[in-house]
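In: Fold the following and give me the result.
(3 chains)
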Amino acid sequence: MSDRVIGATIESVTFRDFPGVVGELSPEQFTGLVSGETFERIDRRGKHLWLAFDGGDGLFVHLMMTGQLLLLRPGAERARFEHLRLGLSSGWELAYADQRKFGRVLRYSDQQWAAKEGQIGPEPLDTSFTTALLVSSMRSRTSPIKAFLLDQRKVAGIGNIYADEALYRARIYPGRSTGSLDDAEIERLHVAIRAVLQEGIERRGTTLSDYMDADGARGTNAANLRVYGKGGKAVCEECGCPLERVVIAGRGTHFCPGCQHDEGR
DNA sequence: TGTTATGTTGCCAT
DNA sequence: TATGGCAACATAAC
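Out: Down below sits the predicted model:
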C-alpha cells in the first residue's frame, strides 16, 4: 500500500452502511478529524496496523476476521461489505470492507497507539525473538500452549491457523500445559512459529474465503496448510493417522494424534 | 429450515 | 494476575 498511500492527503471521506466502523466518533467528527491529513508512514505490530499522519496521530486498523483494506480507483463500484472510503490526493481511494463488522478503523493519537503497541508481545520474525525469551515467557503458565500462542501479549501476530500449523510442525499437542514444555520442545516451537509465518508471508497470506491484499489479490498459503481445517477430513502426511479436530481455548483446533502426543517428546 | 462453523478480540466472571 | 467463556456479526455448509 505504501506507494499509493504515503505522502497522500485525505481529500474525502465516505461512509456507507456501518458508521460504527470508526468507533465512537460520529461520521462528522471522524471526517473533521482526518480530512486534510497526510499519511507519512505505515507501520505494523502483529495484526495491528498503524497509518501515521505527518503531523502526529493517525489511523489504527484491525481487520479482525473478515476485514479488507482495498485500494480502488475513484469511481470504482462499492466493494461488497464496504463501510468506509478515503479519497486520496494520489489518485487512489482507500476502502475498508468487512463482512462481519468486527474490524475497526480508529482515529488514534500517538499516545493511544503507543499504549496499544506496548500491550503487544515480541515480533516473532525479529532477531530479538529468541528461544530464551520464549522459554522465560512460558515458564509456570498453566493454560494450554494453544491459548498462549493466541495471546497477542505473549507473541505478536499468531492467529488460529498459524497456531495449529506451528504446533503440528513442532509435534506438540495443542492442549499441553504451557509450563510443561521442555527446552527441546520450545526450541522446536520457536523454529516452527517463524517458519509458518515466513511461509505465509512469502505466499502473501492464507486466503480461506475473505482475505485479500490491497489489490484484491488472494494469498496462496491455504494450499500450504498441513492440518488447519483438515480434522476429520484428511490424514497426516507424516504418519498417515487421521487428523482430528477438538476445541481448545475456545477455538477449533486441528492436530495429528500420532505426531502430537499429549505427553511431550 | 434449523444448527453449527468461521480467520479475533475485549469484557466479564471466577 | 491468570484463566476461561462468550458476545459482537453475516454467511456458508451441513
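In: could you dump stretch A:134-141 to CSV, C-alpha only?
Out: Extracted in CSV, the C-alpha atoms of stretch A:134-141 (Å, rounded to 0.1, in the frame of the first residue of the first chain):
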residue,chain,number,x,y,z
LEU,A,134,10.0,-17.7,24.7
VAL,A,135,11.2,-20.0,27.5
SER,A,136,11.0,-17.3,30.1
SER,A,137,7.6,-16.1,29.0
MET,A,138,6.2,-19.6,29.0
ARG,A,139,7.5,-20.5,32.5
SER,A,140,5.0,-21.6,35.1
ARG,A,141,1.9,-20.9,32.9
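In: anything in stretch A:125-141 near DNA strand C?
Out: Yes. Using CB under 7 Å from any atom of the strand, we find that stretch A:125-141 touches DNA strand C at residue A:141. The way it works is simple: take the backbone N, C-alpha and C, and place the C-beta from them, glycine included.
In: Likewise for stretch A:247-259?
Out: Yes. With CB under 7 Å from any atom of the strand as the criterion, DNA strand C is reached by stretch A:247-259 at A:249-250.
In: Would you tell me what helix or strand residue A:113 is located in?
Out: Here residue A:113 is covered by helix A:110-119, with elements defined by DSSP states H and E.
In: And for residue A:172, the neighbour number?
Out: As a burial measure, residue A:172 scores 25 neighbours (other CB atoms under 10 Å).
In: which residues touch it?
Out: The neighbours of residue A:172, taking CB atoms under 8 Å, 6 or more residues apart in numbering as the test, are A:145, A:181, A:185, A:188-189, A:260, A:264.
In: likewise residue A:97?
Out: Contacts of residue A:97 (CB under 8 Å, 6+ apart): A:67-68, A:70, A:79-83.
In: nearest to residue A:177, of the residues you listed?
Out: Within the contacts of residue A:97, proximity to residue A:177 (CB to CB) peaks at residue A:67, which comes in at 33.1 Å.
In: ok, and the closest non-adjacent residue to the closest one?
Out: residue A:103 (3.3 Å; CB to CB, 6 or more residues apart in numbering).
In: burial measure for the one you found, as a count.
Out: Neighbour tally, residue A:103, other CB under 10 Å: 20.
In: tell me the phi and psi of it?
Out: Torsion angles at residue A:103 (phi, psi; degrees, to the nearest 10) stand at phi -80, psi 170.
In: Pretty sure it sits against residue A:96.
Out: Yes. The criterion here is CB atoms under 8 Å, and residue A:103 meets it with residue A:96 at 7.4 Å.
In: Now for these two: what residues contact both?
Out: With CB under 8 Å, 6+ apart as the test, residue A:103 and residue A:96 both reach A:21, A:61, A:67.
In: would you turn those residues into JSON lines with pLDDT, distance to residue A:244 and secondary structure?
Out: As requested, these are arranged in JSON lines below (pLDDT from 0 to 100; distance: CB to CB, whole Å; DSSP: H, G, I helix; E, B strand; the rest coil):
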{"residue": "A:21", "pLDDT": "98", "distance to residue A:244": "38", "secondary structure": "helix"}
{"residue": "A:61", "pLDDT": "98", "distance to residue A:244": "35", "secondary structure": "strand"}
{"residue": "A:67", "pLDDT": "97", "distance to residue A:244": "30", "secondary structure": "strand"}
